[in-house]
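Undergrad: missing the sequence, but the structure's below:
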């Protein structure tokens, strides 16, 4: 269908005739296509669509499992409550800071790592595997080791770098530790995605640039980066969405104390711990909208598309 | 109807139920299985085995809940919200009784089961098992904090907070370990400390019905004490990140002369006889020289409303908490009994020498606010009071009053 409609003017005649022109074989093919898609669409609707619709429905109600008899429809009241609340905005602010700072540093470090791994001639396999170790460790386990490392008395980092100060009990240092843990954990993932992008850069192009007298920095910025752009944007998109939903690292490292909660943690506190389905669902919906917005911005504004594909994402 | 509503709610809102529902629905060998969900208690399996020997027509299986009480509550309420029939007997922190009773998730004790629970049980723990005049749980163990001190450093234990701070400072000035360990982390332990201080000062956090936030002038006085302690030079630098076990370890490692903690520290200290010999106890310090009203802790057994085997569950509860088993738990796991007769048992004297102090403290003990919204109340208090050094008594009290009221009305956002 999309072929017939989106084709450039002139290629497909925009008249009822065009519809009739579709052959029986094409029709059967399309039917088969739809049939083959159907199970996947149904599953998606069941596991992703329905919960989203249901939480939107819950977010319009006052509904606390502790007080089942007080359930009522309140329209957008919950949204007003959440969006005028200091805890929510503090959490949003913390989440944004963690996301932006950690993703930017990861991008720089990941790029460096990718270049090193790409260039390595000796022991390439071992180098690549060993850089991936942090990403392979379960986040909660890694977070625990960070927590102990930063606890005075038991931790080497607290005793040396922090001079015996309990850094995790203060807001700013605690957020920095969380960012550090995030960077340590996901830089390898970033590097992996960027390395896939590096593989797209043709050697001939680099050699030609070198012949023309471009130095290493110029080759990097003028040749490699433009070719890698789709890969970089995909890596950024993945990591931004991932970082925005930060939960496990924070849960273990600070438990959200001293105002270090992220939006996911605040939602968890209200929904799972507080059993307040109304307010909690409102927050889930808000997170969903924010995540959708981030994805939209990346795709529409920066034109992220899959590595190797054309720039059709950009319109 | 109600069950279906809950199930629906759980699917959309919680969405985590599926895996846990599958656990423990078997009654494999034809007999009835009673699934008991309790926190990890070291020697509890032995109690279960003993009850199984006597049990008639059913078999008790012990399932361990997470170690931290937040984790325990989460697993229980999540599964109860989904109407899980695989849980029969639940071990509840005493502060959850109101919430679960109000939501209709636990059964009321009536008739013979009720009188069996009430007979010989200490009044303070029993009060924690009641909600709106009805009995919803059976007290298993109780708990009160004491002041633990190093007998070799402190000849006479301090009686008030001021004396405690002075005594610690004096020791520190002499170059001896003089720190005071307590629970100041942003969690329930901080709420317990605050509740003790407020009640000892004669103040209130909520009104009698648990429907209105009060936080009166006496509560402000309690905040002043907490602030004074948190900013004094006898407080551990990690106070605002310390839970019970952190406090215990800090004292065992020789950093502190005092700790405010539950009686489990005595049983735990026995692994280090040299330290245990120096460990002494005294009543919790008071705010202004009067009585200290420590917060009662402990666990109660409740029977799930969704259990298909209610009768056997009530029977299992009465076995699990009988005098013999409470004594066993007290001696082996350090948890104070709720049956008064157990305290008089001669076998208790040697392994449980602080029993008199505990009984004494229990008589004046205070309970935490009783409301179905307790979890919200606790979250609000621990958030606003953390870190305790930043408390500004008047302003903090005003903020507490406002946000607690929102939490009670399930209106505001939980931090």
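TA: Thanks, I have it. As the structure is a computational prediction, the values presented were derived from the model and not from experiment.
Undergrad: rest of the way, CA atoms for contacts and neighbours
TA: Will do.
Undergrad: For chain B, which residues are neighbours of chain A?
TA: Neighbours of chain A within chain B, by CA under 8 Å from any CA of the partner chain: B:11-14, B:70, B:74, B:78, B:81, B:99-100, B:102-103, B:186, B:237-238, B:240-241, B:372-373, B:375-376, B:383, B:386-387, B:410-415.
Undergrad: which among those residues end up buried?
TA: Among those, those buried by neighbour count (16 or more other CA atoms under 10 Å in any protein chain shown) are B:11-14, B:74, B:78, B:81, B:99-100, B:102-103, B:186, B:237-238, B:240-241, B:372-373, B:375-376, B:383, B:386-387, B:410-415.
Undergrad: Do a quick rundown of the helices in the stretch 201-350 of chain B.
TA: B:217-230, B:244-252, B:264-269, B:273-278, B:310-320, B:323-333, B:340-344 (DSSP state H, counting those that start in this stretch).
Undergrad: quick one: contacts for residue B:180?
TA: B:165, B:168, B:234-236, B:256-260 (CA atoms under 8 Å, 6 or more residues apart in numbering or on different chains).
Undergrad: tell me the SS of it?
TA: Following DSSP: H, G, I helix; E, B strand; the rest coil, the label given to residue B:180 is strand.
Undergrad: Quick check: pLDDT value at residue A:39.
TA: At residue A:39, the model reports a pLDDT of 94.
Undergrad: other SSEs contacting the helix or strand hosting it?
TA: Assigned by DSSP states H and E, residue A:39 belongs to helix A:24-44. Contact analysis of helix A:24-44 by 3 or more CA pairs under 8 Å, 6 or more residues apart in numbering or on different chains; DSSP states H and E lists no helix or strand as a packing neighbour.
Undergrad: which strands and helices sit next to the helix or strand that comes right after it?
TA: Counting by DSSP H and E, the next helix or strand C-terminal to helix A:24-44 is helix A:50-59. When contacts are defined as 3+ CA pairs under 8 Å, 6+ apart, helix A:50-59 sits against helix A:277-296.
Undergrad: Let me see the mean pLDDT of the helix it packs on.
TA: 93.
Undergrad: Quick check: which element contains residue B:34?
TA: Assigned by DSSP H and E, residue B:34 belongs to strand B:32-38.
Undergrad: for residue A:263, what are its contacts?
TA: Going by CA under 8 Å, 6+ apart, residue A:263 touches A:88, A:91-92, A:95, A:245, A:283, A:287.
Undergrad: one more time with 7 Å
TA: Shown in contact with residue A:263 (CA atoms under 7 Å, 6 or more residues apart in numbering or on different chains): A:88, A:91-92, A:95.
Undergrad: same thing with residue B:47?
TA: With CA under 7 Å, 6+ apart, residue B:47 has these contacts: B:320, B:325.
Undergrad: let's see it at 8 Å
TA: B:320, B:325, B:328.
Undergrad: Can you tell me which residues in the stretch 151-300 of chain A are near chain B?
TA: So the stretch 151-300 of chain A meets chain B at A:152, A:165-166, A:168-169, A:257-258, A:261, A:266, A:269-274, A:276-277, A:279, A:281 (CA under 8 Å from any CA).
Undergrad: Remind me which helix or strand residue B:411 belongs to.
TA: Residue B:411 belongs to no helix or strand when assigned by DSSP H and E.
Undergrad: what about the strands in the stretch 251-400 of chain B?
TA: For the stretch 251-400 of chain B, the strands defined by DSSP state E, counting those that start in this stretch cover B:256-261, B:279-282, B:297-303.
Undergrad: hmm, back to that, whichever of the contacts of residue A:263 end up buried, select them in ChimeraX.
TA: Only the buried entries of these go into this ChimeraX selection, using 16+ other CA under 10 Å:
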select /A:88,91,92,95
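Undergrad: middle-most residue in chain A, spatially?
TA: residue A:241 (1.9 Å; CA atoms, centre = their mean).
Undergrad: Leaving out chain neighbours, which residue sits closest to that one?
TA: Nearest non-adjacent residue to residue A:241, counting by CA to CA, 6 or more residues apart in numbering or on different chains: residue A:291, 6.4 Å away.
Undergrad: same check, this time on residue B:226
TA: With CA to CA, 6+ apart as the criterion, residue B:226 has its nearest non-adjacent residue at 6.8 Å, and that residue is residue B:388.
Undergrad: residues touching that neighbour, list them.
TA: Residue B:388 is in contact with B:184, B:226-227, B:230, B:240, counting by CA under 8 Å, 6+ apart.
Undergrad: do residue A:295 as well
TA: With CA under 8 Å, 6+ apart, residue A:295 has these contacts: A:237, A:241.
Undergrad: Please report the distance of it from residue A:302.
TA: 10 Å (CA to CA, to the nearest Å).
Undergrad: repeat for residue A:117
TA: Relative to residue A:302, and taking CA to CA, residue A:117 is found at 27 Å.
Undergrad: Just give me the closest of the contacts of residue A:263 to chain B.
TA: residue A:88 (7.7 Å; CA to the nearest CA).
Undergrad: Report the separation between that closest one and residue A:248.
TA: Spatial separation of residue A:88 from residue A:248 under the definition CA to CA is 18 Å.
Undergrad: where does residue 304 land on pLDDT?
TA: Because you didn't say which chain, this covers chain A. Looking at residue A:304, its pLDDT is 54.
Undergrad: could you do chain B instead?
TA: Taking residue B:304 on its own, its pLDDT is 96.
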